[in-house]
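Novice: how would this look folded up:
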Amino acid sequence: MSPTGPRRLPEATQINKAKAAARKKRAQAQASSSRSRRGAAEADPPPPAEAPAESSPAKSAPAAPAVGEAAPPPPSPQAFGLPAGFPILPQALGPMAASLAPALTPYALKGETAAKVDFEKLVYNMARLFEQGGKAIAATLKPTKPGEAKSDLSSEISNATKAIGKVAELWLSDPKKTVEAQSALLMGYFGLMTNTMRRLASEGAEPLVPHDPADKRFSAPEWRESPFFDFLRQAHAIAVTWANGLIDRSQELDAREREKAKFYFRQISSALSPSNFFATNPEVLKETWESNGENLVRGASMLARDLEAGKGRLKITRYDASKFEVGVNLATTPGKVVFRNELIELIQYAPTTETVFRRPLLILPPWINKFYILDLGPEKSLVRWAVSQGLTVFIVSWVNPDARHRDKGFEVYMREGIFAALDAIEKATGERRISAVGYCIGGTLLAMTLAYMAQTGDDRIASASFFTTQTDFSEAGDLKLFVDEEQLRDLEEKMAATGYLEASSMSTSFNMLRPEDLIWSFVINNYMKGKPPLAFDLLAWNSDATRMTAANHMAYLRDCYLENKFARGEAAFGGLKLKIGDIKIPVYHLATKEDHIAPARSVFKGAKLFGGEVRYVLAGSGHIAGVVNPVSKPKYQYWLGERPQGDFDAWAAKAVEHKGSWWPDWFAWIAAQAPEKVPARVPGDGGLEPLCDAPGEFVKTRYS
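Specialist: Numbering: from 1, shown residues only. So this is what the prediction gives:
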């Protein structure tokens with residue numbers, strides 16, 4: 001490279017010359033190799049070999065070099081588009097790849113796959129890998145532009161260090177406990193070594209740590225059949241169990257500190273799983289040899305693209321964006337936007353029956369993601385199914401906020417959201433009383449609104465359904481670990497500059513609740529196996545996250561998660577204290593068994609606080625899949641029991657399991673509240689003129 005920079009020929013000329021040079025070198029190498037083989041054959045002719053029945057030399061893959069035979073020389077650096085001053089890299093990769101082959105082949109390959117490795121192509125792909133890796137590094141080093149959100153990584157590392165450091169300090173401060181901890185770990189590994197030696201000696205010993213079929217990270221047969229990979233799996237499990245045991249036995253720390261340490265240790269142990277590394281993942285090794293490294297090149301290219309999209313932060317692509325478009329194959333139930341203000345668009349769906357129930361239904365989805373989780377597609381749409389049952393369905397589409405909305409908190413969302421929707425529904429249908437549904441945080445707002453309405457004598461909401469909604473946050477699960485005074489101060493300072501929480505921040509928090517499924521599985525599939533993301537509607541919705549206003553987010557974290565004001569009767573709207581016990585209307589309360597966001601136990605505890613009739617239902621699966629469980633293709637069951645009271649485990653033990661979707665049970669409950677029917681209502685026939693077709697404009701606003 002000259003002092004003024006590299007001197008380069010025109011691109012086409014450079015490529016042509018590089019190709020010609022590469023062809024010349026390959027021809028010379030083949031001629032030399034052929035002469036060597038002829039000489040060896042004359043000196044010591046091998047025994048005749050039976051030829052394949054139908055061989056095609058032109059199409060057969062080149063065999064791996066025999067022992068003692070020189071590997072084909074790699075092409076010149078210029079053939080890869082690399083600068084002339086960087087000649088040693090690809091030349092070193094060839095011997096490196098060849099030397100790794102015999103070491104890794106027994107674990108990664110079966111049969112004759114090893115003989116089909118094209119080392120010339122492998123070397124070429126390794127050079128391309130370094131090129132794509134350079135692009136990824138360049139993306140991470142890009143400076144943050146003014147106004148762009150900065151990475152939260154340093155803050156998370158600091159929190160993890162503090163949490164785990166308290167446990168380490170506790171055990172290291174006492175020599176006796178230190179020896180106890182070290183001995184426990186060494187004994188575990190000694191047992192593993194002994195067990196592995198017995199298995200290698202063909203004594204038929206079962207693994208020390210049984211294989212868990214539910215752990216998808218270790219589903220490949222090599223994790224069970226190969227002593228090498230099975231040893232890695234068990235060693236990781238022993239270390240994780242040992243560390244979690246130390247945390248559990250740190251009784252000097254309070255319960256919150258222990259749970260926080262365990263949460264952050266899970267992030268670390270998930271990241272350090274042997275399945276996450278190239279050299280210790282048999283599926284990745286096999287894919288690499290069979291594709292001659294093409295998978296790593298594709299993966300590095302996707303990594304660079306995702307880092308570029310995240311402006312230096314890793315923004316994992318979890319679905320094929322080209323396959324989904326809101327209004328085309330997502331959120332397709334016919335309807336009209338009949339009302340809009342600064343905060344909401346109100347959608348009224350077109351009827352599909354001649355008559356409908358007199359009482360309209362209003363759905364209040366969470367504003368953390370967009371409303372169409374309940375209208376993913378024709379087969380999975382709760383909205384479409386409810387319309388087909390004869391309900392007049394309205395749904396709120398919340399604005400994706402910007403700086404203008406910074407001061408809009410829970411009370412504003414009640415007045416400009418729920419109350420504005422109630423007024424609009426009355427104009428559109430002539431009906432004053434409605435049934436309401438609140439999903440997740442939308443349900444929390446609905447419950448607080450109902451408590452306020454009880455104080456003011458407003459009876460426009462006649463019955464309420466809550467889907468995976470918390471009203472008591474004393475047992476709110478791992479999300480509660482993100483909330484303490486120090487973290488809230490940092491978050492408040494961060495949001496002060498913009499007036500909102502970036503969508504990516506909330507998404508990261510949710511992904512950390514299930515790191516194996518929502519982070520590392522994509523890292524392996526995308527960046528190591530080089531496979532394109534799947535076309536999956538649920539992941540498309542999950543990636544379509546929204547911002548949250550600063551006032552709303554701080555109220556949610558401080559008033560609900562940190563201080564649990566609503567359950568304690570200390571939350572207030574308009575100067576009036578809100579009490580859940582004041583809500584006397586009929587309530588349908590749905591929880592899901594494997595919910596990481598609104599744990600069933602927490603939902604149960606809040607459901608006990610309502611003052612009227614409560615039908616508590618426990619559905620299978622989690623926060624999303626448990627709700628989106630369509631009647632036509634149900635995947636999960638549900639449980640029904642008596643009114644929620646006493647202990648959750650006691651209630652669950654007596655609950656009766658029902659096969660299929662819970663949707664018909666909910667609809668029967670809705671219909672029983674107000675069975676009277678009227679002629680079907682068409683959007684626009686009432687007192688409101690349609691503004692545009694569903695799904696509206698707010699849902700299409702996205703921020704990178």
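Novice: count of residues packed around Lys584?
Specialist: 13 (other CB atoms under 10 Å). In short, each C-beta sits where N, CA and C put it, glycine included.
Novice: quick check, it in contact with Ser463.
Specialist: No. The criterion here is CB atoms under 8 Å, and Lys584 misses it with Ser463 at 10.9 Å.
Novice: avg pLDDT for stretch 497-505?
Specialist: In this model, stretch 497-505 carries a mean pLDDT of 89.
Novice: pLDDT weak spots in this structure?
Specialist: For the chain, the stretches with pLDDT under 70 are 1-117, 119-120, 122-154, 704.
Novice: show me what contacts the residue most central in space within the chain?
Specialist: Geometric centre of the chain, nearest residue: Leu518, 3.0 Å, by CA atoms, centre = their mean. Going by CB atoms under 8 Å, 6 or more residues apart in numbering, Leu518 touches 510-511.
Novice: part of a helix, is it?
Specialist: Yes. Leu518: assigned to a helix according to DSSP: H, G, I helix; E, B strand; the rest coil.
Novice: need the contact list for the closest residue in space to Tyr500 that isn't next to it in sequence.
Specialist: Of all residues beyond its chain neighbours, the one nearest Tyr500 is Arg547 (4.3 Å), with distances taken as CB to CB, 6 or more residues apart in numbering. For Arg547, the contact set (CB under 8 Å, 6+ apart) comprises 400-402, 500-503, 703.
Novice: 6 Å - rerun?
Specialist: By CB atoms under 6 Å, 6 or more residues apart in numbering, the residues touching Arg547 are 400-401, 500, 503.
Novice: from Thr498, how far out is it?
Specialist: Going from Arg547 to Thr498 by CB to CB, to the nearest Å gives 9 Å.
Novice: with Arg568 instead?
Specialist: 31 Å.
Novice: more neighbours: these two, which one.
Specialist: More neighbours surround Thr498 than the other of Arg568 and Thr498, with 17 against 12 (other CB under 10 Å).
Novice: what about the residue lying closest to that one once chain neighbours are set aside, how many residues nearby?
Specialist: Nearest residue to Thr498, sequence neighbours excluded (CB to CB, 6+ apart): Ala403, at 6.2 Å. Ala403 is flanked by 12 other residues according to other CB under 10 Å.
Novice: for the residue nearest to Trp663 when sequence neighbours are not counted, which three-state class applies?
Specialist: Computed as CB to CB, 6+ apart, the closest residue to Trp663 that is not its neighbour in sequence is Val631, at 5.3 Å. For Val631, the assignment made with three-state DSSP gives coil.
Novice: wouldn't Val631 be in contact with Ser661 here?
Specialist: Yes. If you go by CB atoms under 6 Å, Val631 and Ser661 touch, sitting 4.7 Å apart.
Novice: between those two, tell me which one has more neighbours.
Specialist: Taking other CB under 10 Å, Val631 and Ser661 do not tie; Ser661 has more neighbours (23 against 16).
Novice: so that one touches Val628, yeah?
Specialist: No. Using CB under 6 Å, Ser661 is not in contact with Val628; the gap is 9.7 Å.
Novice: burial check on the closest residue to Tyr372 other than its chain neighbours, number of neighbours?
Specialist: Spatial nearest neighbour of Tyr372, excluding adjacent residues (CB to CB, 6+ apart): Ala331 at 3.7 Å. Residues near Ala331, counting by other CB under 10 Å, number 28.
Novice: surely Ala331 touches Gly696?
Specialist: No. Contact criterion CB under 6 Å: Ala331 and Gly696 do not qualify, at 8.8 Å.
Novice: how far away is the residue nearest to Trp663 from Pro664?
Specialist: From Val631 to Pro664 the distance is 6 Å (CB to CB).
Novice: and if you look at Ala428?
Specialist: 27 Å.
Novice: more neighbours: these two, which one.
Specialist: Ala428 (25 against 14).
Novice: the strands in the stretch 601-704 of the chain, which residues?
Specialist: Along the stretch 601-704 of the chain, counting by DSSP state E, counting those that start in this stretch, strands occupy 614-619, 638-640, 656-658, 677-679, 692-693.
Novice: got a list of what Lys659 touches?
Specialist: Gln637.
Novice: Arg217 against Ser275, yeah?
Specialist: Yes. Judged on CB under 6 Å, Arg217 makes contact with Ser275 at a distance of 4.2 Å.
Novice: so for the two, which sits in the more crowded spot?
Specialist: When Arg217 is set against Ser275 and neighbours are counted by other CB under 10 Å, the residue ahead is Ser275, at 27 against 20.
Novice: list the contacts of the more buried one.
Specialist: Ser275 neighbours (CB under 6 Å, 6+ apart): 217, 281.
Novice: go again with 8 Å.
Specialist: Going by CB under 8 Å, 6+ apart, the list of residues near Ser275 reads 217-218, 281, 520, 524.
Novice: so which of the residues you listed comes closest to Ala650?
Specialist: Closest approach between the contacts of Ser275 and Ala650, by CB to CB: Arg217, at 34.9 Å.
Novice: what pairs with Lys336 across the strands?
Specialist: On the basis of DSSP bridges, Lys336 is bridged to Gln348, Asp693.
Novice: give me the neighbour count for Val393.
Specialist: Neighbours around Val393, by other CB under 10 Å: 26.
Novice: do the same with Ile583
Specialist: Quick note: Ile583 (other CB under 10 Å) scores 25 neighbours.
Novice: correct me if wrong: it contacts Tyr452.
Specialist: No. Ile583 is beyond contact range of Tyr452, at 10.1 Å (criterion: CB under 8 Å).
Novice: could you double-check that Phe510 sits in contact with Gly622?
Specialist: No. The criterion here is CB under 8 Å, and Phe510 misses it with Gly622 at 11.4 Å.
Novice: more neighbours: which of the two?
Specialist: Gly622 (20 against 17).
Novice: how near is the closest residue to that one other than its chain neighbours to Asn542?
Specialist: Nearest non-adjacent residue to Gly622, counting by CB to CB, 6+ apart: Glu594, 4.4 Å away. The gap separating Glu594 from Asn542 is 16 Å, by CB to CB.
Novice: more neighbours: which of these two?
Specialist: Taking other CB under 10 Å, Glu594 and Asn542 do not tie; Asn542 has more neighbours (18 against 15).
Novice: contacts only, for the more buried one.
Specialist: Taking CB under 8 Å, 6+ apart, one finds 318, 369, 507, 624 in contact with Asn542.
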